[in-house]
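[1] below is the sequence, then the predicted model.
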Amino acid sequence: MTAHAAALRLPADAQPAAAAARESAVLVRGLSYSVRGARRRESGTDILAGVDLAIAPRQFVSIVGPSGCGKSTLLNFLAGLLPVQAGQVDLGRDAGGKPRTLGYMFQQHGLLAWRTVQKNVELGLEVAGVPAAERAERARAMLADMGLQGFERHYPREISGGMCQRVALARTLATQPDLILMDEPFGALDAQTRTFIQEMFSQYWEQHRKTVLFVTHDLAEAVFLSDRVLVMSARPGRIVAEYDIDLPRPRSIDALRAEPRFLSLIDGLWQDIKAQSAIAMKGRAP
Amino acid sequence: MSIATVQAGGGLGRAAQVRLLQALILVGTLSAWEGGVRSGLVDPFWTSSPSLIAAAFWESLQSLAIVRHTGVTLAEALAGLAAGCAGGILLGLLLGMSRVVGAAAEPFVIALNSLPRVALGPLIVMFAGIGFASKFLLAFSLVVVPMMINTYEGIKSVDRIQLNLMHVLRASRRQVFFKVLLPNCVPWIFSGIRVSISFAIIGAIVGEFISARAGIGYMIDEAAGGFDTTGMLMPLVVLMLIAFGLDRLVLAASERLLHWRDAKA
């Protein structure tokens, strides 16, 4: 960690940042990140430049932005997969003082091929040390929620890509994580399957209200699912715009398609992204 | 009659067609060989014949010579195979678990693997004598490196997403190892074992060629001294059948353990 980062990391008590951290499930301040060039003489590439982000508990927040803007990198910082170079990432602690539990879902399902659907969903519970009987019960219930009852004993090879992604979703939700990070989780699915799984996830979320940070390219998806949508700039990434999605819940994709407010939100996001993509193109021109 | 007509007319499935073709290859090869010798086209001095080999086998079976020699070679090969697999798997896991050690050891492992290890034979015999130990060591040396490389590759091939997932779930190193890394290696280990069966037998036989008092290699060497083609081929056929049987056993075990791989959509 650099000195800069150390200076930004505030002591846990008697600081305004600490108070804010208690109110938010996720607090990111001045997060910057750059990677060194492959060769010594190359200068480094800045990926993130001072990302500030606060997510209230039980809020669904999406991040959209031009390709390569560092959305996934930001998610990896929150997941603890990358060491913080500069800035601060605070996920808070639960009532017992333990670090908050995380769920992470990727575009690829990452199922273990040698485990049945049921055993894949149990993985997180196994790691957490949940007793076998309870774990089986919870996984079964989660699979039923995802419309996968009857497939418990199948192997990932035996089911379709859309079903694999639902199993991955069930695996993510089965541990009931405090914070769910999702990196284009439905991006690899065909349009019909995607709509189906979006509606299912939206229903689940409206019942359970977990804190979610969702990265996507699909603006309609972001607006449909989220309470807030953040727009990231072209690389190096930072948050440049924010939209409150005030559409009433429960939402349904069919009803929203004709809703002027839904379309104008998407259009606003699209204009922002187009502007950022233009900057990105100009930056890369010779 | 083409295969298509067989399928349409007789309604034979693909599996049955494969069996039929296999039977034809076996019977065809053996009868061509036997027929060539019987008709005087080829001299059995050079080629022997299936019936000569069968007769020699029967004779050797009655004197128990073939049983004793096969037992000696198999003991050497199987002991080398077992020790080589155990050692290779352990080393491979060790290399795979530590990125520093693995990366540091990699060029040495590759160099060791490109070495024709049967050429170590005379050296090993010099160190370990002409008994069981030298054949065991030679078989071991042939098995251990490919097993190590296969296991190491198995660990390296693990899906990055699965490791990230385990990290996010705050899994311990132990949990990552037993729930992701080790199961990911199992198919690699099984394919390593299948190749290693023949490597182990090669090690034992080469050891026996160099110097021995018993074993299939010794039998072949003896027969070669008397220009006895049948005597050289008979123990080879026995060994081939045993190695084939062992491979089928490992294959059956691996299909049982890896049934998830053959699962179809």
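    Thanks, I have the structure now. Numbering: from 1, shown residues only, chains lettered A, B, ... in the order given.

[2] helix or strand: which one has the residue of the stretch 151-265 of chain B found nearest chain A?
    Residue nearest to chain A within the stretch 151-265 of chain B: residue B:161 (3.7 Å; CB to the nearest CB). Placement of C-beta: from N, CA and C, glycine included. Following DSSP states H and E, one finds residue B:161 within helix B:160-168.

[3] got the buried residues for the helix or strand following that helix?
    Beyond helix B:160-168 on the C-terminal side, the first helix or strand identified by DSSP H and E is helix B:173-176. Using 16 or more other CB atoms under 10 Å in any protein chain shown as the test for burial, helix B:173-176 gives B:175, B:176.

[4] I'd like to know which elements helix B:173-176 is packed against.
    Judged by 3 or more CB pairs under 8 Å, 6 or more residues apart in numbering or on different chains; DSSP states H and E, helix B:173-176 is in contact with helix B:160-168.

[5] enumerate the positions of the helix it packs on that are buried.
    Buried residues in helix B:160-168, counted by 16+ other CB under 10 Å: B:161, B:162, B:163, B:164, B:165, B:166, B:168.

[6] within range of chain A, give me the residues from chain B.
    Applying CB under 8 Å from any CB of the partner chain, we find that chain B lies next to chain A at B:159, B:161-162, B:164-171, B:175, B:179-180, B:183, B:186, B:258, B:260-261, B:263-265.

[7] still on that earlier bit, so the residue of the stretch 151-265 of chain B closest to chain A sits against residue A:108, correct?
    Yes: when contacts are counted by CB atoms under 8 Å, residue B:161 is listed as touching residue A:108 (5.5 Å).

[8] for residue A:99, phi and psi?
    Here is the backbone geometry of residue A:99 (degrees, to the nearest 10): phi -60, psi 150.

[9] now residue B:74: how far from residue B:208?
    12 Å (CB to CB, to the nearest Å).

[10] these two: who's more crowded?
    Neighbours of residue B:74 and residue B:208, each counted by other CB atoms under 10 Å in any protein chain shown, are more numerous for residue B:208; the result is 27 against 20.

[11] might one say that residue A:172 is in contact with residue A:106?
    No: no contact is recorded between residue A:172 and residue A:106 when judged using CB under 8 Å, the distance being 9.7 Å.

[12] show me what contacts the closest residue in space to residue A:168 that isn't next to it in sequence?
    In space, residue A:168 comes closest to residue A:109 once its chain neighbours are excluded; the distance is 4.0 Å by CB to CB, 6 or more residues apart in numbering or on different chains. Applying CB atoms under 8 Å, 6 or more residues apart in numbering or on different chains, we find residue A:109 in contact with A:156, A:161, A:164, A:165, A:167, A:168.

[13] one more pass at 7 Å, please.
    A:164, A:165, A:167, A:168 (CB atoms under 7 Å, 6 or more residues apart in numbering or on different chains).

[14] give me the spatial nearest neighbour of the third one, chain neighbours excluded.
    Across the structure, with CB to CB, 6+ apart as the measure, the residue nearest residue A:167 apart from its sequence neighbours is residue A:117 (5.2 Å).

[15] closest one to residue A:193 out of the contacts of residue A:109, please.
    Nearest to residue A:193 among the contacts of residue A:109, counting by CB to CB, is residue A:165 at 7.8 Å.

[16] from residue A:222, how far off is the closest one?
    Taking CB to CB, one finds residue A:165 at 18 Å from residue A:222.

[17] same deal with residue A:117?
    When residue A:117 is compared with residue A:222 (using CB to CB), they lie 29 Å apart.

[18] that older thread, OK, contacts around the residue of the stretch 151-265 of chain B closest to chain A?
    A:106, A:108, A:110.

[19] which SS class is the residue nearest to residue B:184 when sequence neighbours are not counted?
    Closest residue to residue B:184 apart from its sequence neighbours, by CB to CB, 6+ apart: residue B:158 at 4.7 Å. With DSSP: H, G, I helix; E, B strand; the rest coil as the basis, residue B:158 sits in coil.

[20] would you turn the contacts of residue B:161 into JSON lines with pLDDT and secondary structure?
    Output for the contacts of residue B:161, formatted as JSON lines (pLDDT from 0 to 100; DSSP: H, G, I helix; E, B strand; the rest coil):
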{"residue": "A:106", "pLDDT": "88", "secondary structure": "coil"}
{"residue": "A:108", "pLDDT": "90", "secondary structure": "coil"}
{"residue": "A:110", "pLDDT": "92", "secondary structure": "coil"}
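
[21] where does chain A dip in pLDDT?
    Residue ranges of chain A with pLDDT under 70: A:1-22, A:37-42, A:283-286.

[22] and the residue of it closest to chain B?
    Among the residues of chain A, residue A:110 lies closest to chain B, at 3.7 Å counting by CB to the nearest CB.

[23] for that residue, grab phi and psi.
    Residue A:110 adopts backbone torsions of phi 60, psi 30, taken as degrees, to the nearest 10.

[24] and it, how many neighbours?
    So residue A:110, with other CB under 10 Å, has 21 neighbours.

[25] equivalent analysis for residue A:142, please.
    Counted by other CB under 10 Å, the residues lying close to residue A:142 total 24.

[26] re the thing from before, the residue nearest to residue A:167 touches residue A:154, doesn't it?
    Yes: using CB atoms under 7 Å, residue A:117 makes contact with residue A:154 at a distance of 5.2 Å.

[27] tell me which parts of the stretch 101-250 of chain A are close to chain B?
    By CB under 7 Å from any CB of the partner chain, the residues of the stretch 101-250 of chain A that approach chain B are A:102, A:104, A:106, A:108, A:110, A:112-114, A:123-124, A:127, A:155, A:157-160.

[28] leaving out the residues flanking it, which one is nearest to the residue of the stretch 151-265 of chain B closest to chain A?
    Take residue B:161 and drop its neighbours on the chain: the residue closest to it by CB to CB, 6+ apart is residue A:110, 3.7 Å away.

[29] residues in contact with that neighbour?
    Contact analysis of residue A:110 by CB under 7 Å, 6+ apart lists A:168, B:159, B:161, B:162, B:165.

[30] do the same with residue A:103
    A:172, A:173, A:175, A:177, A:180, A:181.

[31] let's see 8 Å
    Contacts of residue A:103 by CB under 8 Å, 6+ apart are A:124, A:172, A:173, A:175, A:177, A:179, A:180, A:181, B:168.

[32] wait, the first one sits on residue A:174?
    Which is residue A:124. Yes: the pair formed by residue A:124 and residue A:174 meets the contact definition of CB under 8 Å, at 6.0 Å.

[33] quick check: the gap between the residue nearest to residue B:184 and residue A:112.
    In terms of CB to CB, residue B:158 sits 10 Å off from residue A:112.

[34] please apply the same query to residue B:203.
    Going from residue B:203 to residue A:112 by CB to CB gives 36 Å.

[35] tell me which of these two has more neighbours.
    Higher neighbour count among residue B:203 and residue A:112: residue B:203, with 31 against 20, using other CB under 10 Å.

[36] host element of the more buried one?
    Assigned by DSSP H and E, residue B:203 falls in helix B:182-210.

[37] so which bits of that helix are buried?
    B:182-193, B:196-210.

[38] now that helix against helix B:160-168, angle please.
    Angle between the axes of helix B:182-210 and helix B:160-168 is 120 degrees (criterion: axes from the mean of the first three to the mean of the last three CA atoms, to 10 degrees).

[39] how close does residue B:93 get to chain A?
    Separation of residue B:93 from chain A (CB to the nearest CB, to the nearest Å): 17 Å.

[40] then that residue would be within a helix, right?
    Yes: assigned with three-state DSSP, residue B:93 falls within a helix.
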